[in-house]
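Participant: For reference, the sequence and a predicted model appear below.
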Amino acid sequence: MEYRFNEIEQKWQGKWKENKVYRVSNDSSKPKYYVLDMFPYPSGAGLHVGHPMGYIASDIYSRYKRLKGFNVLHPMGYDSFGLPAEQYALETGQHPSVTTEKNISTFRGQLDKIGFSYDWDREVRTSEPDYYRWTQWIFLQIFDSWYNRISNKAERIASLLKIFESEGNKHHVCPGDKAYQFSAEQWKLFTDKEKQEILMEYRLSFSAYGEVNWCEALGTVLANDEVVNGVSERGGHLVEKKKMRQWYLRITEYADRLLEGLERIEFSDAMKEMQKNWIGKSQGAEMDFAIKNFSTPLRVYTTRPDTIYGVDFMVVAPEHELVSQITSANQKDEIEKYLTYVKSRSERERLAEVKQITGCFTGAYAINPFDGREIPIWIAEYVLAGYGTGAIMAVPCGDQRDFGFARHFNIPITNIIGEHFTGEAANPTKEAILHHSGFLNGLMMKDAIGVAINKLEEMGIGTRKVNFRMRDAGFSRQRYWGEPFPIIWSDGIALPLDAAELPLELPHVATYGPGPDGEGPLANISDWVNLQDKKSARRETSTMPGYAGSSWYFLRYMDPKNQNAFCDKKASDYWGQVDIYIGGTEHAVGHLLYSRMWTKILFDLGYIGHDEPFKKLLNQGMIQGSSRFVFRVRNTNIFLSSNRIGTAMSEDEKSSTGLTSLSSEVDQIHVDVNMVDGVELDLEQFKKWKNGEFAAAQFILDQGKYICGVETEKMSKSKYNTVNPDVLVDKFGADTFRMYEMFLGPVEQSKPWDSKGIEGVHRFLRKLWRLFYDDLKGKVWNDEKPTDAELKVLHRTIKKIEEDTERFSFNTAVSSFMICVNELAEMKCHKKEILEPLLLLLSPYAPHISEELCSLLGSTISPALGDSKGSVYPVFNPALLVESSKEYPVSINGKVRTNIVISLDASQADVEQIILQNEVIQKWLEGNAPKKIIYVKNKMVNVVI
RNA sequence: ACUCGGGUGGUGGAACUGGUAGACACGCAGGACUUAAAAUCCUGUUCGCUGUAAGGCGAGUGUGGGUUCAACUCCCAUCCCGAGUACCA
């Protein structure tokens, strides 16, 4: 009986599905455990081998936890709103819901083949009205909230109204527009519209004017990705910044809590670092510098007010409103020229190219308030208008970028840190004693910061200021395929829909092109937009961005069918946080920050009982593609094997190709990796590829073979380096595929895909099978009693697999299984008592073969089902592994020279005696006494001579 | 430029708290079985020198230093590769 994986896998997948084996209940006496994958966007390209990497890891962990007696929530769904489906609709006229549906069923088919243990009854799709109804509902709750900085949480707008009516806003500075200041009496006198405008400045989701990428020629707003070098990616039309009404989430109000929360969750240090940097909290001061012959002061933000005497110039963002006013007559042309230059550069260019220093002097001077020095004011692209005040004070002796700027433009540098400054490079230290610094002289810089701020405040020209670099999150898109806003605009006031009116379904549109004035496609449906019963009332026509639906999906899984709430509090209290969340790092500052914010809002409003969604995050590495290339001599049909480029030609080659040398220019062309075996190209397949585009190809070979070029790149269709999991699953089976993906290396590590090792894993499973059934002899397993040696092998494996699974070291776990099976095969051990526990250990990794063999053994336990009562996971018995002696490596001066078996309870003296009698050691000692003998119990012995 | 990862045999990787570097696999080479192939099994496989052999000696985890009885692991410097980024004052 041989290992027929296709039959076995189909059979068990069918049974699991039929019996809904992986359905999980919200009501269980077992402890809960929540294992979550980042749900995929169902793209038209289908699944490639990179996708299942994380899914397999999470599936192994889920199955493991189930066997350990946990009630495991392990769901899957689709993040099914998004731009690609809409662009496809624009090209083909197919409704996005149709293509989305189709893509989902492709994905599902591919996922099913791999044998995942998802509870598909809990599937969610963000584009289903049943789901986005609640996305809209949550949006309305956010809209109806403001952030109370005193209680430090989100509260209802009603509570804000009460405060305004009793005391105005004196205790609650307006986060949107700080200019708003009013008493209770004044509040009561405002018109309804004025009141609504003020409330909007407090709301956690709010509407305001913001800049978008506007393409006049296309009549539409473009995403950053669609803009290349200042023109539209499609068509190359001019793109400019345009102010439009947008929705935002006031995530800045949560900045501190988002930072604080990081302390309580298990994210990698790198991930926490990324989020911290994004939030970018800094402590410093805002201060005003008078400008010579000008009434308005220049306000700068600095984290280092201690360096005030080292300021040699000012840099203002080119967009700063003062620039045009302060520029002197003789600098005007220069400044104009520079502004034109800056405008021509996209933000990306401004940020990426730092080697060349650019800037322009305005002709104006600021006055140092302490020593009256005149400080030249420059503009430069490295200062951004959006951060701080859009102006900085430059201290070249302490800041490397300021130093470079001063050098480049020959601005004299003042040294305020004595010998800490060499004149060769800036020194950003805070540990230096200040020189040439007036009232700060002699102070340690870090102590001077506070002193300087106090002085500024006393003089009324500066204040202590905490800055965040994070900005509020744009929340609207001028698109069709997203959640419509449950908002009606009437006389400039945004009116929320009643919860009973949800879902506000996406209406069908005739075309997916933009509406008038840059509005989204929805603006074209006047029946839908304009409400008959209310004159001048108009629906919001933009839709929500991709991250809306993904900011809370982990909650819907807990209670996916609920028609009365997004998730019953009982359900969210039962499941609580996601215990382990698996996905890539690309969401570091998007999804992972937004979902944390939404969770905090829902917590503040009392809808859920926890304020961090993910207890632990595991970042899977990216699977890169390994691309293959052929090299074509330019303007010919002659292809050179990679190692023949520039080599000498044989006479035969010369006559058959008509070439005289191989050193002419070659073009590198991607070829489909599936027609390359390792690096050797299959010439016949190549000639047939792309409908015979290369049918007439001639080859210059190396020893009869065509060797391709190799490069590691992102896996992508256009690079012909994608590998479809289906092909591998069909050929080797899901169990082999699962184990091979894990065997490739650590899950966290990025690595190029290579299918060539998969046979080794397949061989392992067949070898396992032969412990039970021989191809010729049939059944070979038996009920004999195991020996101590066999038990030792088993229990060593139990220990290793459990440890490795717990720390997500799946690659080493697979290798331990191999070692175990190799050893059992060598011992000719076919005993059920050994093999049955081994199958349970293996079942999270290779569920189908384990289930089949268990059932063939007549086992009472199904690895897929586990046990309703508790853990069926094999228990490690340490007593079986106890040894009385160990073969110690004995080294001389750290270099191993021999191995000696020594009893484990030997003392230092015992060991020294044994060692010194050893022949090899004596040879090295040459009759001398050792200086020292180091004996580390259970590790090694080192003799120092 | 900054931040975060990472450099170990022909290849993917292992070595978890400093304690036998190269587990496990791929590939390769040789052999057994077979008419042949597949499958399976066995042997070898870091490099160099040496030995008929068992073995021995030396080098070795990007590079150069350092700490230590002992370094892939810790420290300093440096080079290279990958990913991310909003030049954040």
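Facilitator: Arrived safely, thanks for sending.
Participant: Going by C-alpha atoms from here, please, whenever you check contacts or count neighbours.
Facilitator: Will do.
Participant: residues contacting the residue nearest the centre of chain A?
Facilitator: With distances taken as CA atoms, centre = their mean, chain A has A:Thr585 as the residue nearest its mean C-alpha position (2.1 Å). Contacts for A:Thr585 (CA atoms under 8 Å, 6 or more residues apart in numbering) come out as A:Met271, A:Asn619, A:Gln620, A:Gly621.
Participant: rerun at 10 Å
Facilitator: Listed by CA atoms under 10 Å, 6 or more residues apart in numbering, the contact set of A:Thr585 reads A:Ala270, A:Met271, A:Met274, A:Leu592, A:Leu617, A:Leu618, A:Asn619, A:Gln620, A:Gly621, A:Met622, A:Glu748.
Participant: Look up the pLDDT of it for me, please.
Facilitator: The score at A:Thr585 is 77. That number is its pLDDT.
Participant: A:Ser750 versus that one, what's the distance?
Facilitator: To A:Ser750, A:Thr585 is 11 Å away according to CA to CA, to the nearest Å.
Participant: any common contacting residues for the two?
Facilitator: A:Gln620, A:Gly621, A:Met622.
Participant: Setting the sequence-adjacent residues aside, check what's closest to the last one.
Facilitator: By the measure of CA to CA, 6 or more residues apart in numbering, the closest residue to A:Met622 outside its immediate chain neighbours is A:Ser750, 4.5 Å from it.
Participant: try the second one
Facilitator: Taking CA to CA, 6+ apart, and ignoring the residues beside it in sequence, A:Gly621 has A:Ser750 as its nearest neighbour in space, at 4.0 Å.
Participant: returning to what we had before: for the contacts of A:Thr585, pick the one with the most neighbours.
Facilitator: The residue in the contacts of A:Thr585 with the most neighbours, by other CA atoms under 10 Å, is A:Met622 (23 neighbours).
Participant: what helix or strand does the residue in the stretch 1-150 of chain A that RNA strand B sits nearest to sit in?
Facilitator: Nearest residue of the stretch 1-150 of chain A to RNA strand B: A:Glu2, at 9.2 Å (CA to the nearest atom of the strand). Counting by DSSP states H and E, there is no helix or strand that carries A:Glu2.
Participant: So the closest residue to it other than its chain neighbours versus RNA strand B, what's the distance?
Facilitator: Using CA to CA, 6+ apart and skipping the chain neighbours, the partner closest in space to A:Glu2 is A:Asp775 (5.2 Å). Here A:Asp775 is placed at a distance of 9 Å from RNA strand B (CA to the nearest atom of the strand, to the nearest Å).
Participant: For A:Asp775, give me its contacts.
Facilitator: Under the criterion of CA under 10 Å, 6+ apart, the neighbours of A:Asp775 are A:Met1, A:Glu2, A:Tyr3, A:Trp769.
Participant: What is the neighbour count of the last one?
Facilitator: This means A:Trp769. 20.
Participant: pLDDT value on it, please?
Facilitator: Looking at A:Trp769, its pLDDT is 93.
Participant: what's the offset of the helix or strand hosting it from the middle of its chain?
Facilitator: For A:Trp769, the host element (DSSP H and E) is helix A:758-772. Relative to the centre of its chain, helix A:758-772 is centred 35 Å away, using CA atoms, centre = their mean, to the nearest Å.
Participant: mind showing which ranges of the stretch 801-945 of chain A have poor pLDDT?
Facilitator: For the stretch 801-945 of chain A, residues meeting the criterion pLDDT under 70 lie at A:866-869.
Participant: Over to the stretch 301-450 of chain A?
Facilitator: Within the stretch 301-450 of chain A, the stretches with pLDDT under 70 are A:343-356, A:386.
Participant: Tell me the residue of the stretch 751-900 of chain A that sits nearest RNA strand B?
Facilitator: At 3.3 Å from RNA strand B, A:Gly760 is the closest residue in the stretch 751-900 of chain A, using CA to the nearest atom of the strand.
Participant: now that residue: how far from A:Ser815?
Facilitator: Here the criterion is CA to CA. By it, A:Gly760 lies 11 Å from A:Ser815.
Participant: Neighbour count: the two, which is higher?
Facilitator: Using other CA under 10 Å, the more surrounded residue of A:Gly760 and A:Ser815 is A:Ser815, with 17 against 13.
Participant: Make sure I have this right: the more buried one is in a helix.
Facilitator: Yes. Under DSSP: H, G, I helix; E, B strand; the rest coil, A:Ser815 falls within a helix.
Participant: Contacts only, for it.
Facilitator: When contacts are counted by CA under 10 Å, 6+ apart, A:Ser815 touches A:Met739, A:Met742, A:Phe743, A:Val761, A:Phe764, A:Ile801, A:Val821.
Participant: mind checking how far the residue in chain A sticking out farthest from the centre is from RNA strand B?
Facilitator: Most distant from the centre of chain A: A:Gly927, at 63.0 Å, with distances by CA atoms, centre = their mean. As for A:Gly927, its distance to RNA strand B is 16 Å (criterion: CA to the nearest atom of the strand).
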